[in-house]
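Enquirer: Pasting the sequence and the predicted coordinates here, then a few questions.
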Amino acid sequence: MTGLKVIIVGAGIGGLAAANALARGGIDVTVLEQARALGEVGAGVQLGPNATRVLASMDLLQPMLDRAVVPEAQIAFSFDDGRELRRVAFADKLKQTFGFPYLHMYRPDLLDVLAKGFGGDLRLGAAVAAVEEEPGRVGARLASGEVVWGDVLVGADGIHSVIRRMLHGDVPARFSGYMAWRGLCPGDAGRAMRTPVVSANWWGPGAHFVHYYVAGGRYLNWVGVTPHDGSAVESWTAKGDIVQALRDYGGWHYRVADIIKATPRAMKWALHDRDPLPFWSKGRVTLLGDAAHPMLPFMAQGAAQSIEDGFVLRRCLEAADDVPAALKRYERNRLERTAWVQSGSRKNEHLFHLADAAAVAARNARMQGEVDANPEAVQPDQSRLFGYDPVYDSLQD
Ligand SMILES: Cc1cc2nc3c(=O)[nH]c(=O)nc-3n(C[C@H](O)[C@H](O)[C@H](O)COP(=O)(O)OP(=O)(O)OC[C@H]3O[C@@H](n4cnc5c(N)ncnc54)[C@H](O)[C@@H]3O)c2cc1C
């Protein structure tokens with residue numbers, strides 16, 4: 001289809017990645033963002049080859065690499081004695097196998113590269129309150145009363161999506177029972193502690209802790225996931241709460257405590273997800289990113305899946321001459337894969353937070369055994385996750 005105008009609601013990673021994909025396909029795009037300034041949480045994000053190959057196809061990989069950190073390996077450590085439980089050769093192996101790198105990015109950098117790469121019609125302070133439908137067109141009604149019309153409307157407005165609510169009703173997201181501490185330790189402090197340039201996962205009873213460098217090494221980003229009663233709100237918290245984070249990791253290896261202590265402030269984040277939706281598209285309206293498939297961060301794939309979504313959407317719109325049929329095809333090509341990642345992330349919720357000592361020992365032995373048995377191989381789930389190519393793999397009709 002040519003001459004299409006697409007309205008994207010939300011300028012997060014998903015909305016802006018889709019704007020890049022669609023605009024490069026010659027589609028006229030307007031992005032409506034409620035916030036008055038573009039912004040992302042000051043934290044890290046991991047992007048696997050399934051996402052970086054899409055960025056490469058849009059000439060955005062090099063600007064990302066200029067600000068990224070590429071990890072040497074993925075290492076699992078034991079929470080109490082700091083023993084290496086499993087080391088997977090990572091960056092080189094993934095690049096050799098899948099052709100594209102695994103990146104650690106600082107989120108504001110990622111968003112900045114996407115915003116500059118789009119460079120099109122991005123309206124800030126434009127909160128969408130409702131969707132208007134007329135024969136042959138669809139409109140986004142702003143809180144101001146203005147209606148912005150187009151041929152397609154994409155809800156990329158996050159886990160609490162207004163557009164999803166219009167399609168599926170007001171169902172609250174599921175609270176997982178966990179919250180995430182997120183912090184940025186100065187990179188120099190990380191290096192002084194000899195923290196390696198890897199993706200590090202510390203697994204302890206009932207909790208886990210992840211760290212990796214971002215922003216070319218300026219920060220050592222960390223995420224600590226601990227059980228919680230659900231009262232946590234998404235907010236930056238005062239330095240005093242570093243004490244609380246340290247308390248949550250009492251009894252863990254001193255390296256974990258040292259990283260937390262060297263961090264000026266931390267952020268609390270309640271972790272929610274949803275069950276897969278039965279459909280994403282209706283008429284000229286569809287969903288993308290967390291609006292469509294919010295997931296727990298335990299496969300580090302929410303943003304990556306939203307980047308995949310945008311490119312598949314472009315291919316479906318390019319190939320069809322009927323908007324509702326193109327959006328249904330997009331949904332058919334995305335629902336099963338994103339539901340698989342949603343459910344895999346829930347399985348890891350269990351695996352990462354085992355509390356029983358015997359179950360923890362069995363898990364650790366099994367995981368190391370898999371690597372020892374075949375140290376050169378990528379794991380089967382990694383092949384399915386990172387081997388998918390939204391740019392060139394054939395799409396279902
Ligand atoms: C602790 C943690 C760690 C994570 N780590 C990773 C990782 O390593 N790798 C990975 O791939 N993913 C990771 N994720 C998931 C990832 O952050 C999300 O999946 C991704 O950011 C979702 O992007 P999005 O654009 O769909 O939604 P959002 O980032 O939520 O963006 C939605 C945008 O829509 C705007 N908006 C909302 N309502 C309206 C409205 N009515 N009108 C206009 N605008 C509106 C919002 O202001 C916002 O800008 C992690 C998540 C968490 C919580």
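Expert: The structure has been received and is ready for your questions. Numbering: from 1, shown residues only.
Enquirer: any bit of stretch 137-150 sitting next to the ligand?
Expert: No - using CB under 6 Å from any ligand atom, we find that stretch 137-150 stays clear of the ligand, coming within 7.9 Å at best. C-beta here means a position set from N, CA and C on the backbone, and glycine is covered the same way.
Enquirer: how about the CA coordinates for stretch 92-104, as CSV?
Expert: Provided in CSV are the C-alpha atoms of stretch 92-104 (Å, rounded to 0.1, in the frame of the first residue of the first chain):
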residue,chain,number,x,y,z
ASP,A,92,31.5,-13.4,20.0
LYS,A,93,29.5,-16.6,19.9
LEU,A,94,26.2,-14.8,19.4
LYS,A,95,27.7,-12.5,16.7
GLN,A,96,29.2,-15.5,14.9
THR,A,97,26.0,-17.5,15.1
PHE,A,98,23.4,-14.9,14.4
GLY,A,99,25.4,-12.2,12.6
PHE,A,100,24.5,-9.4,14.9
PRO,A,101,25.8,-8.3,18.3
TYR,A,102,24.4,-8.4,21.8
LEU,A,103,24.4,-4.9,23.2
HIS,A,104,24.0,-3.3,26.6
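Enquirer: Now do it, average pLDDT.
Expert: Mean pLDDT, stretch 92-104: 91.
Enquirer: Report the buried residues of that stretch.
Expert: Neighbour-count burial for stretch 92-104, counted by 16 or more other CB atoms under 10 Å, picks out 93-94, 97-98, 100-104.
Enquirer: Strands - which of the residues you listed land there?
Expert: By the criterion of DSSP state E, membership of these in strands covers 103-104.
Enquirer: Give me every residue in the stretch 151-300 of the chain lying close to the ligand.
Expert: With CB under 6 Å from any ligand atom as the criterion, the stretch 151-300 of the chain comes near the ligand at residues 156-158, 162, 180, 182, 223, 269, 289-290, 297, 300.
Enquirer: Tabulate those residues in TSV, adding columns for pLDDT.
Expert: Listed next are these as TSV, based on pLDDT from 0 to 100:
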residue	pLDDT
Ala156	98
Asp157	98
Gly158	96
Val162	97
Ala180	92
Arg182	93
Val223	96
Trp269	87
Gly289	98
Asp290	97
Pro297	95
Ala300	95
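Enquirer: which of those residues tops the neighbour count?
Expert: Ala156 (32 neighbours; other CB atoms under 10 Å).
Enquirer: For the stretch 101-250 of the chain, which segments count as strands?
Expert: 103-106, 121-123, 128-134, 137-142, 147-150, 152-155, 174-186, 199-204, 207-214, 219-227, 235-237 (DSSP state E, counting those that start in this stretch).
Enquirer: Lovely, talk soon.
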